[in-house]
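Novice: here is a sequence with its predicted model. Questions after.
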Amino acid sequence: MLASITNLPQRRGPGAPSRRPVSPRCRLVHDRPNERLKLFGAQPAHLAELPSMRELATWGKVTAYARGGHRHQWEALGFRSEGNIRGFFRDGSDAAIWAAYPQPQRGHERDKHLHDACLAAAQNKGLLAQTVLPPGYTSERVTPHHAAEVAALMSSVFSVYPTCLSERHIDQLIRSGSSFFRCIRNAEQQMVAVASAEMDLIRKNAEMTDCATRPDQRGRGLMAYILRQLEADLNSHYQIVDLYSLARAQEVGMNCVFKKLGYSYQGRLINNCRMPSGWESMHIWCKRSSDC
């Protein structure tokens, strides 16, 4: 529970996350769909700069992406360490993830035994030497023309998702250049798997996300193939090599994929976002692709 934070921004109505600067080095994101505040580049001293908010308890979680150090100050404010993201900032330094829970029940990790078992299964996996597609399957870059197919596939896999899955939203992500999508088609030219890299072109890192495989197509190595291709795309087209992903903490398959592709486990974000089973915890996986 937060110990002494009393100066946080007023919530507004529902909608997509909104952003505004708090200081020249700190940016605030209102993530209303997931009932959390996110502070990027934050240090404990920045919290005093935020406008006051009386209804702090209406936010379930506050997450700070901070540079290293200041452990005692964060802990004194009621934050706890949940992990790290390597190479997160523009100068290549890591982000320490600090979390606080104005609503204490949000900070309780249900199904911890399942999360631990999932992580143990993934950690036992070795590196994957190569990725190949089944005969007749092809991979391609997704264009705005394919946005409806992506939206339909992802909506069929996820009944609830942390971000919008509408055709219009996906079309905007592709056209803006903020996300780079790839998909796999089967021999009948049906889109059966998709994933994207959400790029930060300033910080030169990317989150590997939007991973979805049609249920009847799982177990064929499709996601590992897409992710490896995305890594090559990011390196060659954008010179991005610092990668990370947030995998559902009890989804064994995806955690194993990241471990087999050379990502390293860096922590667990408790009840981080909305997924089909409600609030779900996420495992942090990081990789510098140029080192592999």
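Specialist: Cool, got the structure. Numbers count the residues shown, from 1 in each chain.

Novice: quick check, residue 284 in contact with residue 86.
Specialist: No - under the criterion of CB atoms under 8 Å, residue 284 is not in contact with residue 86, lying 9.3 Å apart. Any C-beta I mention is one placed from the backbone N, CA and C, and that applies to glycine too.

Novice: any shared contact partners between those two?
Specialist: Both residue 284 and residue 86 are contacted by 244, 266, under the criterion CB atoms under 8 Å, 6 or more residues apart in numbering.

Novice: neighbour-wise, which of the two wins?
Specialist: The neighbour count for residue 284 versus residue 86, taken as other CB atoms under 10 Å, is higher for residue 284 (24 against 19).

Novice: which stretches in this protein count as strands?
Specialist: 18-23, 26-31, 36-42, 61-66, 80-85, 95-100, 138-141, 179-185, 191-200, 205-213, 242-248, 264-275, 278-288 (DSSP state E).

Novice: can you lay out those as CSV showing mean pLDDT and distance to residue 147?
Specialist: Shown next, in CSV, are the strands of the chain (pLDDT from 0 to 100; distance: least, CB to CB, whole Å):
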stretch, mean pLDDT, distance to residue 147
strand 18-23, 49, 23
strand 26-31, 85, 23
strand 36-42, 90, 26
strand 61-66, 94, 29
strand 80-85, 97, 28
strand 95-100, 96, 31
strand 138-141, 98, 13
strand 179-185, 98, 9
strand 191-200, 97, 11
strand 205-213, 97, 12
strand 242-248, 97, 22
strand 264-275, 96, 22
strand 278-288, 96, 25
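
Novice: and the ones you listed as JSON lines, adding distance to residue 149?
Specialist: Output for the strands of the chain, formatted as JSON lines (distance: least, CB to CB, whole Å):
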{"stretch": "strand 18-23", "distance to residue 149": "29"}
{"stretch": "strand 26-31", "distance to residue 149": "27"}
{"stretch": "strand 36-42", "distance to residue 149": "30"}
{"stretch": "strand 61-66", "distance to residue 149": "32"}
{"stretch": "strand 80-85", "distance to residue 149": "31"}
{"stretch": "strand 95-100", "distance to residue 149": "34"}
{"stretch": "strand 138-141", "distance to residue 149": "11"}
{"stretch": "strand 179-185", "distance to residue 149": "8"}
{"stretch": "strand 191-200", "distance to residue 149": "5"}
{"stretch": "strand 205-213", "distance to residue 149": "11"}
{"stretch": "strand 242-248", "distance to residue 149": "23"}
{"stretch": "strand 264-275", "distance to residue 149": "22"}
{"stretch": "strand 278-288", "distance to residue 149": "26"}
